Each structure stands twice: as C-alpha cells, then as structure tokens.
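Colleague: Below are the sequence and a predicted model; questions follow.
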Amino acid sequence: MITASFQKNGERLLAFSLSGHAGYADAGQDIVCASVTSAVQLTANAITEQFAEAAKVTVGENRVSLCLGPDAKKESVLLLRALLEHLTILSEEFENTIQIIISEV
C-alpha cells in the first residue's frame, strides 16, 4: 500500500510525503503506482521548476517528500491540493492501494 501523508496549517497544505507500493499488480504493470508516480513528479517539477519555489524535495528508495517554504506561492499550495484530490480519487477507485493521512502542524 502507498502511504501519502500531507501536512497542513489550517486549510493551507504545506508538505507531502509518499512511500510504498500500491500492490495492485506486478511491478511494471501497476497502474496505480504509475498514476501516483506521474502525479507526484508533475507536482514536484511544476513547483520547483515552473514556479521556481525554494521547496525542499527529498527522493529515496520508494519514498518522496516535498516541503514548501513559508513564503510559498498560492499556485504551489493549489498544486498540493490538486495532488491530494487526485490521490483521494485514486484511493476510492482502487481500494486498499493508497492510504491518505492528513496532519495539522
């Protein structure tokens, strides 16, 4: 199962961390993993490259995290909300593949 953790302050999303595998299909055939990976890459690349945010991105074995700085642009925060919405829809469509955790900081 993929664990997607989001941190927020009030209604403002500040960070995310994802780890694990969906387990929907064999490696290389898992459409849930592919969908999540693509969405996370798009989000991180748009924030850091297109919006030029000074976000902290960490990538490791089966793990990725992104933390926005205190002066993050509205567009970057909206992209985190869009990623959360996308993952929520995937978790509903493909049950028992994605666990979403939202914590207040």
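Modeller: Structure's in. What do you need?
Colleague: For the nearest residue to residue 33 once chain neighbours are set aside, what are phi and psi?
Modeller: Take residue 33 and drop its neighbours on the chain: the residue closest to it by C-beta to C-beta, 6 or more residues apart in numbering is residue 22, 4.8 Å away. The way it works is simple: take the backbone N, C-alpha and C, and place the C-beta from them, glycine included. Residue 22 adopts backbone torsions of phi -70, psi -40, taken as degrees, to the nearest 10.
Colleague: who's in contact with residue 22?
Modeller: 1-2, 30, 32-33, 36, 94, 97-98 (C-beta atoms under 8 Å, 6 or more residues apart in numbering).
Colleague: Among those, which one lies nearest to residue 69?
Modeller: Minimum separation from residue 69 among the contacts of residue 22 (C-beta to C-beta) is found for residue 36, which lies at 24.3 Å.
Colleague: can you tell me the helix or strand for that closest one?
Modeller: helix 31-45 (DSSP states H and E).
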